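**Q** Predicted coordinates and the sequence they were generated for:
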Amino acid sequence: MGRARKRKRERDTGAREVSRRGRPAHAPEHVSEHASDPASDPASDPASWATFAAAALIVAVGAAVYANSFSIPFLFDDYFVIVSNPETHSLEPFARFFTHSRGIPHLLDTLNYLCGGERVWGYHLVNVVIHLINALLVYAIASLTLRLPIHAGRYDKRASMLALLTALIFVAHPLQTMAVSYIVQRAESLAALFYLAAVWVFAAAMSGRIRLRGVPLAAVLGGIGLLGIMSKETVASLPAALLLYYACFLRGEKRRLSWGLAAVLALPTLYGVYLARHFLVPGLADPASGQSAWMFIPSAGLELDGITPWRYLITQFGVVLWYLRLFLAPTQQCFDYGWPFADAFATWQVLAPLAVLVGLVAIAVAAYSRHRWITFGLGWMFITLSPSSSIIPIVDAAFEYRMYMPIFGLALMVVVGSADALRWLAGGSASRTESYERRGVIVAALCIAALGWGTVARNRVLQDELSLARDSVAKAPDHWRNQYSLGSALLQSGKGSEAIGPLERAVELNPEHATARIQLGSLYARMGRLEEAEDVLLPATDTREESVSAAAYRQLGMIYKARGYPEAAIGMFEEALARKPKWYSVSLDIVRLQRHTGAWHDAAVRLNSLVQAQPSYATRLAGEIAETNLLGGVESFEDNEPEFARHMLSVAMENASTLPMAAQYLAYVEAETGNREQSIKILEDLWQRGLGGSLVGENLDRARAGRRLVRPTSTRDLR
């Protein structure tokens, strides 16, 4: 009897709590105590057939819509971050993956490269797997949320279906393609994985679904948050998202938020700010930290030229509204929008979207008491977009991959809101409700199929850079980067004459863009328009990106070489090496120009250093190395530098073609510098091997007699 009275008191207390919070108008007045108990619903059992069937369908749909993504090549930043980045080709030093911004995605890039090199399918496999895991997490969070006590059992019977529809929208939506099919943007989806995992752990622990509380809960959430923040800085908004979830669905539960948990959740955010300090304030870059100037591109932060926090914020009003439009109707997608920044607040381009967004915020606030799905969906969108769509300026105002996480909240809001609307339209009739729900599922399935088809079609566009560039130019023709991408893709396709127009348009739209100038200058040079090439390239040398500036100097060097100005060409090559010291092919360009101008000593010194830094050159350039050192050794002795002469001639002796002459001259050098015994030894070795002809015998007799040797040759004779 005592236990029965205790259970009755608990039910009464729970009912009063729901009433105090404000029961939705559509909630039933009386519910069985087991109605909101997830254990009573077979579908809520992780091992049940319904859960496995839902998971299998999510994976199948995701795999189907991304099946044609595995052949998408490296695109744009993929080359810079993966293919041409030496840091991606080694795990050493391993600690850097945890002490630099976005270290976890970089670790995945490195493992991908070490396992498969530049074979793209392996990278895409990892990206698709991450996306599928995220979709399963979306299903788990939605399923758990729909069964929370706050809903008073309203969604228990439909929870699995509603969660499934939410996850299918998430996995199939075309807006997700940029984060999944563009390899380098795995940072976005990987950060979302940790973000969603933290939400599920928080929801399950706070609702009592898993036995985790206190310090263990804080440690797990803090660890997940830390991995997330090391994936991408957008995870900084996680504490706000958890607070929103708590306010919408968990408030009134026995377990309450604690200041200790809040403090632990703030730590990953603070660490993320620390990791991103170079991007937030580029002036803080520390050369000793490994943040190489030629690798550092100031693409975000508070010191971006011409983009203030206020200007960025008022631009984002229109961007966020466009994101919403793409979620509802994913047409006219563009890889690179080149969204223009707003110049003034009092314009309709700013005020109109601001009015819509203010209206959405008002709806979210007003809906809190009765329709919390709306509050959560809109709040989730604003919170997860806040790192990229608020006051921290980013060079590019709009990119579709930034909607990767917001889609979860919006999809959940649309699915559950539609289910509620159908139930309201049924007017309480059970038969009509069931009929409407069946039709609703059919419509939802058709919509998901359409979304999936859109994803497949979008992946087709990404299959090669030329088709992607043409698509981007068609949708954003006044963006310089799209014109540049089209020109670059045409060049790679061997259509140089067609590339001139887009590249000239790119330079016209953005005269400060150095890379477009380099491409155009290179094309002009190839066509023999050398003076035009020089005019286009000179401004590119002033860019802040030192790797790009180095490329401009190198191209100018090639132009001066073609015009017959070797000294000017060498000067340009030296400027390139000052900005990119390990650019070995440029060092080789200098060596060959020095050989051409007869600066054999300088050529040999540089070539020997180059071979030491890049041992593979020893085989590839064996003949060139031997000849350069032979002539460099002779010139060094003529310039009264016997030590250089000895070293270079010794190097030349390692090649059979130059050994006799190099050995004879080395014997002459040794004799002239007083090392007569060494001179005799070299000459005897040559004589015994039958190398060098009669001059070897004559000089050997002279050396033994203490007389001066006959000079074998001069640099002029050798040339």
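**A** Thanks, I have the structure now.
**Q** give me every residue that touches Asp542.
**A** Going by C-beta atoms under 8 Å, 6 or more residues apart in numbering, Asp542 touches 514, 549. No exception for glycine: its C-beta is placed from N, CA and C like everyone else's.
**Q** Make 10 the first number, not 1, from now on.
**A** Sure, I'll start numbering at 10, so the last one becomes Asp551.
**Q** any idea how far it lies from Lys589?
**A** Look at Asp551 and Lys589: by C-beta to C-beta, to the nearest Å, they are 16 Å apart.
**Q** okay, which residue is most central for this protein?
**A** In the chain, the C-alpha nearest the mean C-alpha coordinate belongs to Val193, at 3.5 Å (C-alpha atoms, centre = their mean).
**Q** Retrieve the pLDDT associated with the spatially closest residue to Val470 that is not a sequence neighbour.
**A** Of all residues not flanking Val470 in the chain, Asp480 sits nearest, at 5.0 Å (C-beta to C-beta, 6 or more residues apart in numbering). We have a pLDDT of 95 for Asp480.
**Q** Please verify my assumption that Asp480 contacts Phe344.
**A** Yes. Counting by C-beta atoms under 8 Å, Phe344 is a contact partner of Asp480 at 7.2 Å.
**Q** picking up where we left off before, list the contacts of the helix or strand the residue nearest to Val470 falls within.
**A** Element membership for Asp480, per DSSP states H and E: helix 474-484. Helix 474-484 is contacted from outside by 82, 84, 341-345, 469-471, 488, 491-492, 494-495, 497-499, 501-502, 511, using C-beta under 8 Å, 6+ apart.
**Q** Now which of these would you call buried?
**A** Neighbour counting with 16 or more other C-beta atoms under 10 Å marks 84, 342-345, 470-471, 488, 491-492, 494-495, 497-499, 511 as buried within the contacts of helix 474-484.
**Q** Just flag the most distant two among those residues.
**A** By the measure C-beta to C-beta, Gln342 and Leu499 form the most distant pair in those, at 22.3 Å.
**Q** How about the backbone phi and psi for Tyr164?
**A** Backbone torsions of Tyr164, given as degrees, to the nearest 10, read phi -110, psi 10.
**Q** Distance-wise, check it relative to Gly436.
**A** Relative to Gly436, and taking C-beta to C-beta, Tyr164 is found at 19 Å.
**Q** Looking at these two now, which is surrounded by more residues?
**A** A side-by-side neighbour count of Tyr164 and Gly436, using other C-beta atoms under 10 Å, places Tyr164 first with 22 against 8.
**Q** show me where the stretch 510-659 of the chain has helices.
**A** Applying DSSP state H, counting those that start in this stretch to the stretch 510-659 of the chain gives helices spanning 523-535, 539-546, 555-571, 575-588, 593-605, 609-622, 626-629, 631-647, 651-661.
**Q** Quick one, which of the ones you listed gets closest to His182.
**A** helix 523-535 (32.3 Å).
**Q** contacts for the closest one?
**A** 489, 492-493, 496-497, 500, 505, 508-509, 512-513, 515-516, 519, 539, 541-543, 545-546, 548-552, 554, 557-558, 560-561, 564-565, 567-568, 571.
**Q** Buried residues in stretch 678-690, which are they?
**A** Quick answer for stretch 678-690 (16+ other C-beta under 10 Å): 678-681, 684-685, 687-689.
**Q** just these now: which is nearest Leu134?
**A** Distances from Leu134 to these, taken by C-beta to C-beta, are shortest for Val678, at 61.6 Å.
**Q** need the contact list for the closest one.
**A** So Val678 contacts 642, 646, 651, 654-655, 658 (C-beta under 8 Å, 6+ apart).
**Q** Next one: it, what pLDDT does it get?
**A** Reported pLDDT for Val678: 90.
**Q** now Gly11
**A** 49.
**Q** pretty sure Gln472 contacts Leu84?
**A** No. Taking contacts as C-beta under 8 Å, Gln472 lies outside contact range of Leu84: 10.2 Å.
**Q** sorry, back to before: tell me the one of the buried ones among the contacts of helix 474-484 nearest Glu443?
**A** Among the buried ones among the contacts of helix 474-484, and counting by C-beta to C-beta, the member closest to Glu443 is Gln342, at 37.0 Å.
**Q** where along the stretch 10-159 of the chain do the helices fall?
**A** Ranges of helices in the stretch 10-159 of the chain, per DSSP H, counting those that start in this stretch, are 11-30, 58-74, 86-87, 105-108, 112-125, 129-155.
**Q** winner for burial among those?
**A** Highest mean neighbour count of the helices of the stretch 10-159 of the chain: helix 129-155, a mean of 22 (counted as mean count of other C-beta atoms under 10 Å).
**Q** Just name whatever secondary elements that one is in contact with.
**A** helix 58-74, helix 112-125, helix 168-181, helix 186-190, helix 195-215, helix 415-434 (3 or more C-beta pairs under 8 Å, 6 or more residues apart in numbering; DSSP states H and E).
**Q** Show the average pLDDT along that helix.
**A** According to the model, helix 129-155 has a mean pLDDT of 96.
**Q** report the angle between the axes of it and helix 112-125?
**A** Put simply, helix 129-155 runs at 140 degrees to helix 112-125, going by axes from the mean of the first three to the mean of the last three C-alpha atoms, to 10 degrees.
**Q** how far is helix 129-155 from where the chain is centred?
**A** Between the centre of helix 129-155 and the centre of its chain there are 19 Å (C-alpha atoms, centre = their mean, to the nearest Å).
**Q** next one: stretch 487-497
**A** 20 Å.
**Q** and what of stretch 111-119?
**A** The answer for stretch 111-119 is 9 Å, by C-alpha atoms, centre = their mean.
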